[in-house]
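**Student:** all I have is the shape, not the residue letters:
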């Protein structure tokens, strides 16, 4: 089932790759994964962004081992095959050993992932030529990405410049997908953190009864509102000069949308956008997952604002924080519980009967209910029901380890 999830979800729909602020200059690169497929994102000398399969076309070694950096070429450590940042094969080790016609330099370029796109700097890609368009896929999530980026006076953010860390847990990837927008556990698992947070944000004292909601945004995406401030509370929460700078930059309505809404957004299947960071989910095995957390900064904001964001992030989500580490303990315990005999099911029915649907088909429920947990499984069911032939992934499946499916 795990291998089928990789094929029909991670290799068949749009997945998050990186943010363009991570490769700002010519020669910059970042390595990451699409499921198990190693990829490298580059910015070449012509300032063009390329997304390449990180696999030498000679004998299959990855050509780049570093996570980030700047270079002009990639040299495979095995036989010194050399590739430009656009993937072109530039040279091979000991070339005199090849006879004329044995090397087709153009055909042996690094394989490109042609279907990638971005919104507000967030880059997504798909291996599938038949997946829906990116614009359709991102859908209702755009509005919340706008809110997030508009908290910067320039409308831009940086990702990972002020901190990155990795967390592995002994559990399935979907546990983190569910947990990123889980409102029911907060009052219990994170009660100590809530008590401390309430000193600066008094409305957190009444977290279970806050008049905020969670939404199923379609296509597996979902969101939970942490809290929504009134205009009076906006001025209490944020320094006056900062509020004024956003109003001046974006206009009053757009600025207030950014200042009022605090939320956790999940874009199915591997991306979460939280108040201070980006979270990327990487499935390693059926019961092993790596989560990479990239702190975000607001370009053009006062230095004290970004320092404050770092400190608030560290308080709750950092490796020694009051909240994030609790979650990974729970995730490990959930997977251990899954191994027990006697029941194959878990419950996501909280609030099902009171769930509301608007004229656009957007489902919503109270934030401690489970509308947002049910959301990804509608898309999960759709994708897992599509046959391998319909996925049309023959070009890439061998690289993903799906040799049988590629025959």
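**Tutor:** Received the coordinates, thanks. Keep in mind that what you see is a predicted model, and the values were worked out from it rather than measured. Numbering: from 1, shown residues only.
**Student:** pretty sure residue 57 sits against residue 81.
**Tutor:** Yes: Residue 57 lies in contact with residue 81 (Cβ atoms under 8 Å); the separation is 7.4 Å. From N, CA and C alone the C-beta is placed, and that goes for glycine too.
**Student:** neighbour count for those two, which is higher?
**Tutor:** Shown here are residue 57 and residue 81; by other Cβ atoms under 10 Å, residue 81 has more neighbours (23 against 18).
**Student:** quick check: closest non-adjacent residue to the residue nearest the centre of the chain.
**Tutor:** For the chain, residue 271 is the residue whose C-alpha lies nearest the centre (Cα atoms, centre = their mean; 2.2 Å). Excluding the flanking residues, the one nearest residue 271 by Cβ to Cβ, 6 or more residues apart in numbering is residue 16, at 3.6 Å.
**Student:** isn't that neighbour right up against residue 268?
**Tutor:** No: Residue 16 is beyond contact range of residue 268, at 10.0 Å (criterion: Cβ under 8 Å).
**Student:** so how far is residue 197 from the residue nearest to the centre of the chain?
**Tutor:** 25 Å (Cβ to Cβ, to the nearest Å).
**Student:** tell me what residue 117 is bridged to.
**Tutor:** Beta-bridge pairing for residue 117 (DSSP bridges): residue 124.
**Student:** ok but residue 162 is inside a strand, no?
**Tutor:** Yes: secondary structure of residue 162 (DSSP: H, G, I helix; E, B strand; the rest coil): part of a strand.
**Student:** list the contacts for it?
**Tutor:** Residues in contact with residue 162 (Cβ atoms under 8 Å, 6 or more residues apart in numbering) are 295, 297, 306, 310.
**Student:** out of those residues, what pair is the most spread apart?
**Tutor:** Using Cβ to Cβ, the pair of the contacts of residue 162 lying farthest apart is 295 and 306, separated by 9.5 Å.
**Student:** domains of the chain?
**Tutor:** Domain ranges of the chain: 2-118, 140-384, per automatic domain parsing.
**Student:** want to throw those into TSV with mean pLDDT and distance to residue 133?
**Tutor:** TSV is the format used below for the domains of the chain (pLDDT from 0 to 100; distance: least, Cβ to Cβ, whole Å):
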stretch	mean pLDDT	distance to residue 133
domain 2-118	98	8
domain 140-384	93	11
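**Student:** I'd like the ones you listed as TSV, with distance to residue 129 appended.
**Tutor:** Rendered in TSV, the data for those read as follows (distance: least, Cβ to Cβ, whole Å):
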stretch	distance to residue 129
domain 2-118	7
domain 140-384	16
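**Student:** in the stretch 201-350 of the chain, which spans are strands?
**Tutor:** Assigned strands in the stretch 201-350 of the chain, in chain order: 213-218, 221-228, 261-267, 271-273, 277-285, 288-298 (criterion: DSSP state E, counting those that start in this stretch).
**Student:** can I get these in CSV including distance to residue 61?
**Tutor:** Compiled in CSV, these are given as follows (distance: least, Cβ to Cβ, whole Å):
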stretch, distance to residue 61
strand 213-218, 40
strand 221-228, 36
strand 261-267, 32
strand 271-273, 29
strand 277-285, 20
strand 288-298, 21
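**Student:** so which of the ones you listed gets nearest residue 35?
**Tutor:** Closest to residue 35 of these, according to Cβ to Cβ: strand 277-285, at 6.8 Å.
**Student:** sheet partners, orientation included, of that closest one?
**Tutor:** Sheet pairing of strand 277-285 (DSSP bridges) gives strand 271-273 (antiparallel), strand 288-298 (antiparallel).
**Student:** out of those, which is closest to residue 344?
**Tutor:** Among the strands paired with strand 277-285, strand 288-298 comes nearest to residue 344, with 20.2 Å by Cβ to Cβ.
**Student:** so what touches that closest one?
**Tutor:** Outside strand 288-298, the residues that reach it (Cβ under 8 Å, 6+ apart) are 19, 151-153, 157-173, 175-176, 276-284, 305-306, 309-310, 313, 317, 324, 331.
**Student:** mind giving me the ChimeraX select for the residues you listed, buried ones only?
**Tutor:** Listed next is the ChimeraX selection for buried residues among these, using 16 or more other Cβ atoms under 10 Å:
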select :19,151,152,153,157,158,159,160,161,162,163,164,167,169,171,172,173,175,176,276,277,278,279,280,281,282,283,305,306,309,313,317,324,331
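**Student:** related to what we said a few turns ago, give the bridge partners for the residue nearest to the centre of the chain, please.
**Tutor:** residue 267, residue 280.
**Student:** OK, contacts around it?
**Tutor:** Counted by Cβ under 8 Å, 6+ apart, residue 271 has contacts 15, 16, 122, 124, 278, 279, 280, 281.
**Student:** great, nothing more from me.
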